[in-house]
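Colleague: My questions are about this predicted structure, shown below with the sequence.
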Amino acid sequence: MIEIPSRIEGRHYNLYELEKHLKPLGYVIGGNWDYDHGSFDYKIDDENGYQFLRVPFQAVDGQLDSRGCTVSIGRPFLLSHQYEDGLDDEIDS
């Protein structure tokens, strides 16, 4: 994980409006969201693993599944996972 200092940190946005702008660019809401926090993920690469730009957010007014929810943006970071070839190649099923 590599943190990326950004001017968007701490800014507040309406979640619905933010989604309308980010989803057409390829961002998705990550599967680890909860009612008070979540993240937007942008897949950078998925060859031999995956790399994402993750933009975390925290609810400051309402819950993420409610109308009019306002969120505060956290510090973005790069998330990377590399697959190790050969680890499970000889496993019997």
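Modeller: Arrived safely, thanks for sending.

Colleague: Any stretches of the protein with poor pLDDT?
Modeller: 83-93 (pLDDT under 70).

Colleague: Enumerate the helices of it by residue range, in sequence order.
Modeller: Shown for the chain, the helices assigned by DSSP state H span residues 15-22.

Colleague: and the closest residue to Ala59 other than its chain neighbours, how many residues sit next to it?
Modeller: Once flanking residues are discounted, Ala59 sits nearest to Asp36: 4.8 Å by CB to CB, 6 or more residues apart in numbering. Using the backbone N, CA and C atoms, a C-beta is placed for each residue, glycine as well. Per other CB atoms under 10 Å, the neighbour tally for Asp36 reads 14.

Colleague: likewise the one 4 residues further on?
Modeller: By the other CB under 10 Å criterion, the neighbourhood of Phe40 contains 24 residues.

Colleague: Tell me the bridge partners for it.
Modeller: Applying DSSP bridges to Phe40 gives these bridge partners: Ile29, Val55.

Colleague: Understood, closing this out.
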